[in-house]
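> Here is the input, now give the coordinates:
(chains A and B)
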Amino acid sequence: MKVAYWPGCVSRGFTPELHGSMAKVAPLLDIELVQLDRASCCGAGVIAEHNQELADTLNARTFALAQQVQGAELMMNICSTCQGAQGECQERLDANAEYRAHVNSTLADEGLSYEKGLTNKNFLWLLVEEIGLDKLGGMVKRPLTNLKVGPFYGCYIVRPRARLGIDDEHPRDHYLEQLIEALGGTVIEYAGMRKCCGFPIITMNKQASLKQAGRHLGDAVDAEADCLVTPCPLCHLNLDMQQPLAEKEVGRELNMPVLHLPQLVGLALGLEPKELGLSRHVVRPTSVIDWSSAVVGAAA
Amino acid sequence: MAETHRPPEQFTLRMRRYDPESGEAPYWDEHTIELEPHRSVLEGILQAKAKFDGSIGIRCSCRAAICGSCGVRINGEPGLACHTHLDHAKASSKDGVIEVEPMGNMPVIKDMIVDMDAVHWKKVQRVTPWLLNEGPQPEREHIVPRESMVDITQTMACIQCGACVSDCLAMEVDPGFIGPAALAKAYRFVGDPRDEEQRERLLDLSEDPQGIYDCTHCFKCVEACPKDVNPMGQIMRLRRIAGADQHINDQNNGHRHEETVVTLIKDYGLLHEAEMIPRSYGGNSWFGKFHPAAGKELLSSLPVAIRGIAKRKMSIKIALFGHKIPAQDLKAVQKIYEKVESKPERYELNLYVTGEDE
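Reported below is the predicted structural model:
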């Protein structure tokens, strides 16, 4: 399937292994990525905090660019925060024709216009809803046997439920567990799996921010997870890059590797840890998990 | 209406019990009650209390989701016991047993009764929850624009049940955070055109390290609220007025952080992560990094940065120069900024007020 692909900023900045692993995994899943190179940052909720109309207009521009991609079935993102921040803007744009026309009048200078009803799905949603877990399970070359994986969603992709389309038919707040199982791994449930990583306040209240990250990582350690997996690069920054500082804040050793979603999928589809950028993490998954026996050795 | 005629069914309640006078630890207590499925969890608790154990502690009054007394956690989620149907609660339970616990982030007095005075009401008092207008009073009533009052009705819908306080993730790590309920109440007066102390209120709430910039934007309160008050949305409005309108340059980096994100996207089209810390701490320009506050923070972040570069997590080029969208698109983005920001007043669509038109 062909998708208008929005990689976000952080996946090309401080977590390049996310964007890189997505590019490696997409062809294996028969996903054609048409990258929206011209689009701007979603604003991560902070532009909306400054000026709501500005955030709505910038994201309407991104949506309009996505709608111009010939043959694309939908827009896909790889960041919980993009999903949530863009979804919030789209909710306003789709709800009110007058407002949409007003925003489109600003985009008209560039010859762009957003039409109501874009489908914008995170890679996680696309895996479950478009590809299907049965099909994905059939593609697994290296089941994640004996790998105990703790999901970490990121707030923006689990709340608020109504806006994100989470209901009995689409239990999107349980997709990570379903996915881990489909890939042959073991799900580890722990207290912090749907809580906040603390990243949004890292420059305002560093102590509280690191305490959040440290507690969730500690809960995962106590639940005996081998690693975490997250669809959010901003969570990844606080959980992985800041982990040594979070350790100091909560006063315990953590040493918990955190994988990006496409990395976990890529491992199960047979890609090598190195080509998925696993060696680029601050807490190297290779230092904690013996990939030669735990996963790599269990090749089907 | 057929639902109301469904015959009574059995439901099992698993209640978290705690009696501080007993010296015992909290424990789980199960009772099976019989009621029509559309009846409330509160009615179930009251039946258990009447039939099996008169010592079960629960606070309640109106039984109609208006007094806000019976806030509890049902199957781990905050809500009003009187506003949750037994069949829905059973459906959302892990094992068919409805789990009822006291709310979080507040000390437990007994069983499902928490100390609202110690936390919730204290925080509400913290935001001066009354109108401040000492000026000459009009002969008759204050005349205000209709829209501005409609705008604050959303916060007036709060019934002070504490559900949002119970679930606040910022409060979980920083109990001193003023919190969602009290800050929503603060917006009720900041947004009221009759109030004369808007700037002073915002100065106070911005400068407080546990004020508006301590919110982690986790949407927990939005989800918890049984009255659609959207506390986090009100906190964002407080930030908008404090930062974008009143230009309050707070000591918590809140406004500088916001300005930094807004400016970087204007200059690059994308976020330039390496500039976030120096500008948020030292001031929103390339020179921010030379400010002593930024220097101190950069120095403490140096090990993180070195580790990142050493592991090729980020390239030196990205760290120094960031990444940009193509020049023509950057121009288009900057034009959007100019057009939207040059308006004399911010245009803010509030779906709570307008509803959906399609």
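> Was I right to think A:E189 contacts A:A223?
Yes. With contacts counted by Cβ atoms under 8 Å, A:E189 reaches A:A223, the gap being 6.9 Å. Heads up, the C-betas are built off the backbone N, CA and C, glycines and all.
> shared neighbours of the two, which are they?
Common neighbours of A:E189 and A:A223, using Cβ atoms under 8 Å, 6 or more residues apart in numbering or on different chains, are A:G150.
> Show me which of these two is the more surrounded one.
Comparing A:E189 with A:A223 by neighbour count (other Cβ atoms under 10 Å in any protein chain shown), the higher total belongs to A:A223, at 15 against 12.
> Report the contact partners of the residue nearest in space to the middle of chain A.
Centroid-nearest residue in chain A, with Cα atoms, centre = their mean: A:P231, separated by 2.3 Å. Each residue near A:P231 by Cβ under 8 Å, 6+ apart is listed here: A:I78, A:C79, A:S80, A:N122, A:F123, A:L124, A:Y153, A:G154, A:I157, A:L176, A:H260, A:L261.
> these two touch, right, A:N255 and A:V283?
Yes. Counting by Cβ under 8 Å, A:N255 touches A:V283, with 6.1 Å between them.
> what touches both of the two?
Counting by Cβ under 8 Å, 6+ apart, nothing touches both A:N255 and A:V283.
> The two: which has the busier surroundings?
Set A:N255 next to A:V283 and count neighbours by other Cβ under 10 Å: A:V283 wins out with 20 against 14.
> ranges for the strands of the chain?
Went with chain A since none was named. Applying DSSP state E to chain A gives strands spanning A:2-6, A:32-35, A:74-77, A:120-122, A:148-151, A:186-187, A:227-230, A:258-260.
> hm, I was asking about chain B
Here chain B has its strands, by DSSP E, at B:9-17, B:27-35, B:71-74, B:77-80, B:98-101, B:108-110, B:113-114.
> Partner strands of the fourth one and their direction?
Pointing back at strand B:77-80 there. Note on strand B:77-80: by DSSP bridges, its sheet partners are strand B:71-74 (antiparallel).
> where are the low-confidence patches of the chain?
Picking chain A for this. Applying pLDDT under 70 to chain A flags residues A:287-300.
> Not quite, go with chain B.
Applying pLDDT under 70 to chain B flags the ranges B:1-4, B:358.
> Where does it get nearest to chain A, residue-wise?
Residue of chain B nearest chain A, by Cβ to the nearest Cβ: B:F219 (3.5 Å).
> list the contacts for that residue?
So B:F219 contacts A:G84, A:C155, A:Y156, A:R159, A:P160, B:M232 (Cβ under 8 Å, 6+ apart).
> Check whether A:L127 really touches A:G137, as I assumed.
No. Assessed by Cβ under 8 Å, A:L127 is found out of contact with A:G137, at 11.0 Å.
> Compare these two (neighbour count), which wins?
The residue with more neighbours, out of A:L127 and A:G137, is A:L127; 25 against 15, by other Cβ under 10 Å.
> List the contacts of the more buried one.
Contacts of A:L127 by Cβ under 8 Å, 6+ apart are A:L29, A:L133, A:L136, A:Y175, A:L179, A:V265.
> Is there a neighbour count for the second one? I'd like the number.
Okay, so that is A:L133. 16.
> Run a quick neighbour tally on the closest residue to it other than its chain neighbours.
Nearest non-adjacent residue to A:L133, counting by Cβ to Cβ, 6 or more residues apart in numbering or on different chains: A:A182, 4.1 Å away. A:A182: 24 surrounding residues under other Cβ under 10 Å.
> Please apply the same query to A:H281.
A:H281: 25 neighbours (other Cβ under 10 Å).
> Is it correct that A:Q67 is in contact with A:G117?
No. In this structure A:Q67 lies outside contact range of A:G117 using Cβ under 8 Å: 9.5 Å.
> okay, these two: which has more neighbours?
Neighbours were counted for A:Q67 and for A:G117 using other Cβ under 10 Å; A:Q67 has more, 16 against 10.
> which residues touch that one?
A:A4, A:Y114, A:E115, A:L118.
> quick one: B:D167 from B:M156, how far?
21 Å (Cβ to Cβ, to the nearest Å).
> These two: which is more packed in?
B:D167 (27 against 13).
> quick one: contacts for that one?
Neighbours of B:D167 in contact, by Cβ under 8 Å, 6+ apart: B:E77, B:P78, B:G104, B:N105, B:K220, B:C221, B:E223, B:A224.
> so which two of those are the farthest from each other?
B:N105 and B:E223 (15.1 Å; Cβ to Cβ).
> quick one: contacts of the lengthiest helix in chain B?
Criterion DSSP state H: the longest helix present in chain B is helix B:292-310. Residues from elsewhere that reach helix B:292-310 (Cβ under 8 Å, 6+ apart): A:14, A:241-242, A:244-245, A:282, B:274, B:277-279, B:281-283, B:288-289, B:313-316, B:319.
> and these, which are buried?
A:14, A:241-242, A:245, A:282, B:274, B:277-279, B:281-283, B:288-289, B:313-314, B:319 (16 or more other Cβ atoms under 10 Å in any protein chain shown).
> Just the closest residue of chain A to chain B, please.
For chain A, Cβ to the nearest Cβ, closest residue to chain B: A:R159, 3.5 Å.
> Just give the number of residues close to that residue.
24.
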